[in-house]
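Student: Please find the sequence and the predicted model below.
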Amino acid sequence: MGERLKVFGIVALLGFMAGVVVQLTADYLIPWLMMVLPALVQVRFVVSGLAGAALTLVLVSLWAYFSGTQDRR
């Protein structure tokens, strides 16, 4: 039971951190990118797609690290 509770807590913490990253991205990074990047990249779905891809890459990397075997650490 303790191991499951630990995994549940880690998943909850990662979800919380993902929510904070998404909020900060939406508030600060996306508007800044819209001003800095050329007009071609100012299509909102392209910028949102790039942000989503980066966030997914970070989350999958964290999941792979935490779910790896103990021998590799």
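Tutor: It's in.

Student: Any idea which helix or strand in the protein has the lowest mean pLDDT?
Tutor: Here the helix or strand of the chain ranked lowest by mean pLDDT, DSSP states H and E is helix 30-36, holding a mean of 75.

Student: name the helices or strands packed onto that one?
Tutor: For helix 30-36, the packing partners by 3 or more C-beta pairs under 8 Å, 6 or more residues apart in numbering; DSSP states H and E come out as helix 44-67. Quick note: C-beta positions are derived from backbone N, CA and C, even for glycine.

Student: in the helix it packs on, what's buried?
Tutor: Within helix 44-67, the residues scored as buried using 16 or more other C-beta atoms under 10 Å are 47, 51.

Student: same for that helix, what does it pack against?
Tutor: helix 2-24, helix 30-36.

Student: Please tabulate those in TSV, including the columns distance to residue 50 and mean neighbour count.
Tutor: Rendered in TSV, the data for the helices and strands packed on helix 44-67 read as follows (distance: least, C-beta to C-beta, whole Å; neighbours: other C-beta atoms under 10 Å):
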stretch	distance to residue 50	mean neighbour count
helix 2-24	13	11
helix 30-36	8	12
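
Student: ok, now how distant is residue 63 from residue 33?
Tutor: 26 Å (C-beta to C-beta, to the nearest Å).

Student: Oh, that last question was meant for residue 22, not what I typed.
Tutor: Taken as C-beta to C-beta, the span from residue 22 to residue 33 is 15 Å.
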